[in-house]
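In: Sequence and predicted structure, then a few things I'm wondering about:
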Amino acid sequence: MRITIDIEESVLEDAMRLTGENKKGPAVVKAAQEYIRRQMAREFGRMVMEGEFADYPLTNEEIEARDR
């Protein structure tokens, strides 16, 4: 999908540098994907800390024992 957005040149340059992309579009896409991934991880961490998975059938020790 094509869209038109206004981004400060310095922000766009940083996005290109940090993502390693040479073109503007791919840099913006990669930056947006990384932002979404981090937000989802943060949300998952919040859910774990608030005990939303309290009824999970295995303890941490049981999970680690299975990984060995």
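Out: Everything's here; your move. Numbering: from 1, shown residues only.

In: mind listing what's buried in the helix ranked longest in the chain?
Out: Of all the segments of type helix in the chain, defined by DSSP state H, the longest one is helix 24-49. The neighbour-count criterion (16 or more other CB atoms under 10 Å) identifies Ala27, Val28, Lys30, Ala31 as the buried residues of helix 24-49. Yep, even glycine has a C-beta here, placed from its N, CA and C like the rest.

In: Just give the closest residue to the last one, not the sequence neighbours.
Out: Across the structure, with CB to CB, 6 or more residues apart in numbering as the measure, the residue nearest Ala31 apart from its sequence neighbours is Ala15 (4.6 Å).

In: And for Glu34?
Out: If the residues on either side of it in the chain are set aside, Glu34 comes closest to Thr19, at 7.8 Å by CB to CB, 6+ apart.

In: The one you found and Arg38, how far apart?
Out: Note on Thr19: its distance to Arg38, by CB to CB, to the nearest Å, is 14 Å.

In: what residue lies at the spatial centre of the chain?
Out: Centroid check for the chain by CA atoms, centre = their mean gives Arg37 as the closest residue, at 1.7 Å.

In: Not counting its neighbours along the chain, what's nearest Met16?
Out: Setting aside the residues directly before and after it, Met16 is nearest to Ala27 in space (CB to CB, 6+ apart), at 4.3 Å.

In: Counting neighbours, what do you get for Glu50?
Out: Glu50 has 9 neighbouring residues, counting by other CB atoms under 10 Å.

In: Thr59 versus that one, what's the distance?
Out: Between Glu50 and Thr59 the distance, using CB to CB, works out to 18 Å.
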